[in-house]
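> need a 3D model of the sequence below.
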Amino acid sequence: MKSFRHRLLIMIVGWIGLLLASLLIIVSQLFPLYANLEDPATIWLLLFLIFATAMVISTIISHRIIKIQSQPIENVTETALELVKGNYRARAVESGAVGAVQLSATINVLARNLQEITAIRQMEQERLKTLIENMGSSLMMINRQGRVSLVNKPFLRELAMSNENIQGKLYKELDIPTVLAKFIENVFMTEMPDRDQIDFSIGLHQKHLDVYGAPIMGEHERWLGVVIVAHDISELKRLEQVRKDFVANVSHELRTPVTSIKGFSETLLDGAYEDTPTLLSFLEIIHKESNRLELLIKDLLELSKIEHAGFQVKAQPTDMSAVIERAAGMIQPRMEDKAILLNLQLEPVEVLGDPDRLIQVMMNLLANALTYSASETTVEVHLFKEQEEAVIRVKDQGIGVETSEIGRLFERFYRVDRARSRNSGGTGLGLSIVKHLVEAHHGKITVDSEVGVGTTFTIYLPLAS
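Numbering: from 1, shown residues only. All right, here's what the predicted structure looks like:
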């Protein structure tokens with residue numbers, strides 16, 4: 001732009017100078033004063049001074065004209081350079097000649113369009129990034145060179161990796177489970193979609209992933225790489241196993257009393273009914289197994305009702321000490337038959353709960369303590385306030401539980417000592433019912449146990465306001 005201004009300035013000055021020189025010659029011919037001068041040197045000096053003065057004046061005028069005409073062009077050029085650099089907020093001044101104003105306006109329209117397009121693109125990129133980072137599945141993209149081009153947080157979290165250790169690396173160099181590496185290798189080499197369920201261990205945790213891989217195709221069917229999407233199905237696998245265990249346990253628990261009833265009834269039908277002592281003994285066994293079967297079905301229906309999504313307790317201000325005393329009175333005869341001392345240490349505490357359901361909770365806990373405690377031991381029940389909660393602690397001197405088994409105590413049909421619980425008529429559902437009822441009261445239950453010493457169940461319930 002500066003060289004253009006210089007060339008234009010020289011050209012204008014030359015034309016103006018030529019014009020002034022022509023005017024001077026014409027003036028010298030017209031005015032006798034200058035024509036009658038006898039000294040040629042004086043004439044040329046005078047002409048030179050006039051010409052120099054004319055050139056200075058023409059230069060000043062030309063510079064002013066050039067500045068006025070070129071300034072809008074320079075402004076437009078600077079704006080265009082800023083746009084090239086990516087500064088789409090730059091704007092040209094819309095002033096000057098008509099042509100320059102139109103050019104500046106056009107550049108400004110272009111700048112505004114670029115700014116809007118950039119803003120939309122940034123917004124879409126943010127949306128895409130948010131979607132990828134917060135999607136429930138793990139995602140990894142690998143380019144055609146085999147390097148990781150994109151990975152989201154769920155993928156890093158599932159494999160216990162950091163973004164710095166994986167971004168831009170070859171997928172073969174990644175410290176990932178072998179089964180996942182083989183799956184990626186298969187998709188990458190065949191360039192065909194694939195899906196599989198893989199299992200692997202990370203530390204002490206077993207992971208189950210549903211993995212899908214597919215090639216990324218660009219314009220004109222150009223292969224750009226592969227995308228790997230993995231969904232954690234560990235919880236689904238666990239629930240499936242729980243369902244299988246539940247069906248197996250229910251089948252086993254129902255089969256035992258049914259087999260007993262069927263066997264003894266067939267024996268009676270074969271002629272044993274003629275022996276009165278045998279008849280009475282068998283009928284007593286059949287009655288006992290029928291009661292056990294009835295109790296099991298009742299607990300199953302109760303647990304199914306409690307586990308239902310819409311189950312709610314009828315919460316109201318309840319005297320918890322009265323609830324415990326009532327439950328203790330109901331189980332006291334069984335405690336005395338086994339020579340177990342029931343020690344109650346109760347403070348006056350009012351909780352927000354359902355009295356009938358809380359009695360059910362205490363009955364199940366006391367029955368569990370009775371089942372796993374030896375004769376001539378003590379079962380203690382403490383009730384007190386701690387901060388904004390009511391605390392109920394049931395402590396026995398029973399067989400205790402291994403630390404590794406504490407987490408399974410609230411599973412349906414789980415028993416520490418199967419023979420003892422079956423002989424006492426237990427169904428294996430009591431503690432599971434207790435846990436669901438406590439959680440329905442917006443409380444929580446914890447367990448502390450030591451083998452050979454005893455077990456302590458602690459319940460935390462909200463106080464009545």
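> where does residue 410 land in three-state SS?
Classification of residue 410 by DSSP: H, G, I helix; E, B strand; the rest coil places it in coil.
> what's around residue 117, how many residues?
Other residues lying near residue 117 total 11 when counted by other CB atoms under 10 Å. Bear in mind the C-beta positions are built from the backbone N, C-alpha and C, glycine included.
> by contact count, what packs against the one helix or strand it maps to?
Assessed by DSSP states H and E, residue 117 sits inside helix 98-134. Judged by 3 or more CB pairs under 8 Å, 6 or more residues apart in numbering; DSSP states H and E, the packing partners of helix 98-134 are helix 40-85.
> now the helix it packs on: mean pLDDT?
Averaged across helix 40-85, the pLDDT comes to 72.
> try stretch 387-398
90.
> okay, buried residues for it please.
Judged by neighbour count (16 or more other CB atoms under 10 Å), stretch 387-398 contains these buried residues: 389, 390, 391, 392, 393, 394, 395, 396, 397, 398.
> I'd like the next helix or strand past the helix holding residue 117.
By DSSP H and E, the next helix or strand past helix 98-134 is strand 138-143.
> can you list the buried residues in that next one?
Applying 16+ other CB under 10 Å to strand 138-143 flags 138, 139, 140, 141, 142 as buried.
> and for stretch 299-315?
Using 16+ other CB under 10 Å as the burial criterion, the residues of stretch 299-315 that qualify are 299, 300, 303, 306, 313, 315.
> alpha carbons of that stretch, as PDB, please.
What follows is stretch 299-315, C-alpha atoms only, in PDB (Å, rounded to 0.1, in the frame of the first residue of the first chain):
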ATOM      1  CA  ASP A 299     -41.500 -63.600  54.100                       C
ATOM      2  CA  LEU A 300     -41.100 -63.800  50.300                       C
ATOM      3  CA  LEU A 301     -44.300 -61.900  49.800                       C
ATOM      4  CA  GLU A 302     -43.400 -59.400  52.500                       C
ATOM      5  CA  LEU A 303     -39.900 -58.800  51.000                       C
ATOM      6  CA  SER A 304     -41.400 -58.400  47.500                       C
ATOM      7  CA  LYS A 305     -43.800 -55.800  48.800                       C
ATOM      8  CA  ILE A 306     -41.100 -53.900  50.600                       C
ATOM      9  CA  GLU A 307     -38.800 -53.900  47.600                       C
ATOM     10  CA  HIS A 308     -41.500 -52.500  45.400                       C
ATOM     11  CA  ALA A 309     -40.600 -49.100  44.000                       C
ATOM     12  CA  GLY A 310     -43.700 -47.400  45.400                       C
ATOM     13  CA  PHE A 311     -43.400 -48.800  49.000                       C
ATOM     14  CA  GLN A 312     -43.700 -46.300  51.800                       C
ATOM     15  CA  VAL A 313     -44.000 -46.500  55.500                       C
ATOM     16  CA  LYS A 314     -46.700 -44.700  57.500                       C
ATOM     17  CA  ALA A 315     -44.300 -42.400  59.400                       C
END
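> in the protein, which spans are helices?
For the chain, the helices defined by DSSP state H occupy 2-30, 32-35, 40-85, 98-134, 153-158, 178-190, 234-269, 276-307, 320-337, 355-371, 418-423, 430-440.
> ok, residue 456 to residue 80 distance?
80 Å (CB to CB, to the nearest Å).
> in terms of contact, does residue 156 touch residue 150 like I think?
No: counting by CB atoms under 8 Å, residue 150 is not a contact partner of residue 156; they are 11.7 Å apart.
> if we can go back for a sec, so which of the buried residues of stretch 387-398 is the closest to residue 201?
residue 398 (34.9 Å; CB to CB).
> spell out which residues make up each domain of the chain.
2-111, 135-232, 239-307, 316-462 (automatic domain parsing).
> just put those in CSV and tack on distance to residue 129.
Shown next, in CSV, are these (distance: least, CB to CB, whole Å):
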stretch, distance to residue 129
domain 2-111, 20
domain 135-232, 9
domain 239-307, 32
domain 316-462, 38
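> for the residue positioned nearest the centre of the chain, list the residues it contacts.
Centroid-nearest residue in the chain, with CA atoms, centre = their mean: residue 134, separated by 5.6 Å. Residues counted as contacts of residue 134 (CB atoms under 8 Å, 6 or more residues apart in numbering): none.
> tell me the pLDDT of it.
On pLDDT, residue 134 comes in at 76.
> tell me the angle the helix holding residue 117 makes with strand 138-143.
With axes from the mean of the first three to the mean of the last three CA atoms, to 10 degrees defining the directions, helix 98-134 sits at 130 degrees from strand 138-143.
> what lies in contact with stretch 453-464?
With CB under 8 Å, 6+ apart as the test, stretch 453-464 has contacts from 317-318, 320, 349-353, 361, 365, 368-369, 372-373, 385-386, 388-398, 400-401, 434, 438, 441-449.
> which residues does residue 378 bridge with?
Beta-bridge pairing for residue 378 (DSSP bridges): residue 341.
> go on, residue 197?
Beta-bridge pairing for residue 197 (DSSP bridges): residue 210.
> measure it to residue 137 for me?
For residue 197 relative to residue 137 (CB to CB), the value is 14 Å.
> between these two, who's got more neighbours?
Ranked by neighbour count (other CB under 10 Å), residue 197 and residue 137 place residue 137 first, with 17 against 12.
> so that one versus residue 211, what's the distance?
For residue 137 relative to residue 211 (CB to CB), the value is 10 Å.
> what touches both of the two?
The contact sets of residue 137 and residue 211 overlap at 229, 230, 231 (CB under 8 Å, 6+ apart).
> which residues touch the second one?
Going back to what we said before, that points to residue 230. Contact partners of residue 230, counting by CB under 8 Å, 6+ apart, are 137, 138, 139, 155, 158, 180, 209, 210, 211, 212.
> before we move on, what about the first one?
Residue 229 sits next to 137, 138, 139, 211, 212, 213 when contact means CB under 8 Å, 6+ apart.
> can you check the last one too?
Contact criterion CB under 8 Å, 6+ apart gives 136, 137, 138, 209, 210, 211 as the residues in contact with residue 231.
> can you pull up the bridge partners for it?
Beta-bridge partners for residue 231, by DSSP bridges, are residue 210.
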